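> Okay, here's the prediction I keep looking at, along with the sequence it came from:
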Amino acid sequence: MDVKSVAKLNPSAPDEDVLDWANRENGILITLDKDFGELIFRLKKIHAGVILIRIDRFAVSGKIELLLELIRKNEQTLYKSFTVIQENLIRIRQVK
């Protein structure tokens with residue numbers, strides 16, 4: 001698994017540029033930013049997949065554990081999907 005951080009490469013990049021970059025890398029975008037939902041669903045932007053983490057109570061290490069478990073169990077399903085991780089719920093929605 002190859003992980004790249006937008007925060008290290010260009011922390012002030014607009015959301016559309018971040019999504020374009022993830023697409024060029026053919027990578028699934030992992031974010032805490034709900035604005036990507038609007039880009040995908042309302043504006044119909046092309047994407048390789050987005051995982052939106054919406055858990056406030058967990059420390060970073062807990063969020064990472066949930067994310068790794070999600071990837072282990074659903075690796076094939078995450079591509080071209082919009083996935084939301086919440087405290088007691090994980091929703092994976094295929095987006096065409």
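Right, received. Where do you want to start? If you're wondering where the values come from, they're calculated on a predicted model, not measured in any experiment.
> For the protein, which segments are assigned as helices?
Taking DSSP state H, the helices of the chain run over residues 6-9, 15-24, 35-37, 60-78.
> would you list those in JSON lines and tack on mean pLDDT, distance to residue 89 and mean neighbour count?
In short, each C-beta sits where N, CA and C put it, glycine included. Output for the helices of the chain, formatted as JSON lines (pLDDT from 0 to 100; distance: least, C-beta to C-beta, whole Å; neighbours: other C-beta atoms under 10 Å):
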{"stretch": "helix 6-9", "mean pLDDT": "83", "distance to residue 89": "26", "mean neighbour count": "10"}
{"stretch": "helix 15-24", "mean pLDDT": "94", "distance to residue 89": "24", "mean neighbour count": "16"}
{"stretch": "helix 35-37", "mean pLDDT": "95", "distance to residue 89": "15", "mean neighbour count": "17"}
{"stretch": "helix 60-78", "mean pLDDT": "90", "distance to residue 89": "11", "mean neighbour count": "12"}
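> could you dump those to a markdown table with distance to residue 90?
Output for those, formatted as a markdown table (distance: least, C-beta to C-beta, whole Å):
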| stretch | distance to residue 90 |
| --- | --- |
| helix 6-9 | 23 |
| helix 15-24 | 20 |
| helix 35-37 | 15 |
| helix 60-78 | 6 |
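> Quick one, which of the ones you listed gets closest to residue 47.
Closest approach to residue 47 among the helices of the chain is made by helix 15-24 (6.0 Å; C-beta to C-beta).
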